[in-house]
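Novice: Provided below are the primary sequence and the corresponding predicted coordinates.
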Amino acid sequence: MKVPFSPAAPSGSTSNALSVFNTIPPLHTMLSHLPGPIALVPTMGALHAGHISLLRRAAIENPTVIISIFVNPTQFAPTEDLSTYPRTLDADLKLLNQLNFDLAQERKQGENIAGSIKAVFAPTDHVMYPNPPTASSPGSYVTVLPISTVLEGQSRPTFFRGVTTVCMKLFHIIRPDVVYFGQKDIQQTVVIKRMVQDFCMDNYLRVRIGPTVREEPDGLALSSRNVYLGTRRRKVATVLVNALRVAEGVFAKGSRLREDILGAANEVIAQEQKIQSELPSHLRVLFKVDYISLADSLTLAELDDVEDGKGAIISGAIKMLPVEDVQGGEDPGFGGGMGTVRLIDNILLGAAAKI
Ligand code: AMP
């Protein structure tokens with residue numbers, strides 16, 4: 001999905017100025033004066049065109065859009081990047097004001113746009129976790145089992161528990177009528193939809209999924225974590241989307257068998273690994289595959305073959321290993337290229353694409 005070019009919003013414009021709330025009571029006061037339906041787009045900030053596409057759709061469809069920006073500690077394992085995760089609130093606010101400016105222009109030109117971004121909810125850890133979890137007092141969590149334990153959940157055992165817990169809190173705080181999530185994190189969408197059903201919230205809360213926004217022309221899915229890659233790993237990072245696209249091609253030609261669909265994806269990955277392993281260490285990029293999966297779009301159970309009535313999700317995760325022998329003048333990425341960068345992506349096959 002391409003993001004249209006737009007002229008810059010006048011700087012210092014107050015008409016689009018956004019209210020940022022760090023605590024709940026003033027947000028509630030504001031919300032009580034705003035027209036419904038209320039849409040919520042939960043994020044961890046470091047906004048990019050993927051987030052903006054969700055916000056844009058939310059504003060086209062709803063008068064009031066709230067974005068939450070919260071780097072949620074409980075979804076990070078102790079070994080993960082909580083302390084270095086990019087936090088760019090000023091730049092995020094600029095993007096949000098620009099979006100509101102663009103939406104206002106489009107409305108003036110007669111486009112059917114229901115609303116705009118009305119507020120940013122950027123709570124502190126204390127607001128979201130009034131009794132901070134500790135080893136002896138882990139606290140209260142929402143768990144959605146078993147779908148939180150497969151795929152991403154296998155590599156990151158406490159990740160979805162953190163996601164579902166923070167989303168449930170956000171849903172309680174903001175009380176949205178509709179929430180928007182990106183297909184980029186497909187398992188997250190499946191887990192959230194299941195949580196909404198299992199907790200009997202589906203009669204008043206709708207879950208909408210926006211398509212994955214990719215970099216042009218090579219198709220890498222946008223992610224706040226791509227800043228860690230640097231130039232060398234960035235070039236090779238497309239191996240995952242390339243592998244998934246080849247598998248999608250096999251499905252499109254009529255194959256329904258796991259071994260054919262995943263075999264094609266695994267071959268693309270093995271070829272790239274061979275190319276990289278033959279390069280000298282100052283040029284190569286080593287990476288490991290976490291998983292390449294062909295799964296049912298509701299249960300996430302692995303499939304031996306794809307039923308035409310149901311379709312499937314083909315998804316994958318790879319770990320780009322630290323940059324070796326960084327050369328003078330080379331951009332090794334945010335963090336000096338020292339950390340592993342985990343990339344995920346997915347493509348929906350057949351009937352599963354109707355989300
Ligand atoms: P995050 O800030 O990474 O937690 O993402 C917030 C929301 O944006 C989630 O629903 C993501 O799935 C969505 N998102 C992230 N990257 C993309 C992308 N490239 N395209 C569409 N949605 C995305």
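Specialist: Great, that's in hand. Note that the coordinates shown come from a computational prediction; the quantities given were computed from them, not determined experimentally.

Novice: dump the residue contacts of the residue of the stretch 1-150 of the chain at minimum distance from the ligand.
Specialist: Ranked by Cβ to the nearest ligand atom, the top residue of the stretch 1-150 of the chain for proximity to the ligand is Gly50, at 2.4 Å. All C-beta spots, glycine's among them, are computed from the backbone N, C-alpha and C. Each residue near Gly50 by Cβ atoms under 8 Å, 6 or more residues apart in numbering is listed here: 182, 184, 212-213, 221-223.

Novice: would you list those residues in a markdown table and tack on distance to the ligand, secondary structure and pLDDT?
Specialist: Listed next are these as a markdown table, based on distance: Cβ to the nearest ligand atom, whole Å; DSSP: H, G, I helix; E, B strand; the rest coil; pLDDT from 0 to 100:
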| residue | distance to the ligand | secondary structure | pLDDT |
| --- | --- | --- | --- |
| Gly182 | 2 | strand | 98 |
| Lys184 | 4 | helix | 98 |
| Thr212 | 4 | coil | 98 |
| Val213 | 4 | coil | 98 |
| Ala221 | 5 | strand | 98 |
| Leu222 | 4 | coil | 98 |
| Ser223 | 5 | coil | 96 |
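
Novice: Out of the residues you listed, which end up buried?
Specialist: Buried members of the contacts of Gly50, counted by 16 or more other Cβ atoms under 10 Å: 182, 184, 212-213, 221-223.

Novice: ok so, going back, need the pLDDT of the residue of the stretch 1-150 of the chain closest to the ligand.
Specialist: You'll see Gly50 listed with a pLDDT of 98.

Novice: and it, which of the three is it?
Specialist: helix (DSSP: H, G, I helix; E, B strand; the rest coil).

Novice: Next one: it from Ala221, what distance?
Specialist: Plainly put, Gly50 is 8 Å away from Ala221 if you go by Cβ to Cβ, to the nearest Å.

Novice: repeat for Pro176
Specialist: Applying Cβ to Cβ, the value for Pro176 to Ala221 is 25 Å.

Novice: Write out the residues of the stretch 151-300 of the chain neighbouring the ligand.
Specialist: Residues of the stretch 151-300 of the chain found near the ligand (Cβ under 6 Å from any ligand atom) are 181-182, 184-185, 210, 212-213, 221-224.

Novice: The same query, at a cut-off of 5 Å, please.
Specialist: 181-182, 184-185, 212-213, 221-222 (Cβ under 5 Å from any ligand atom).
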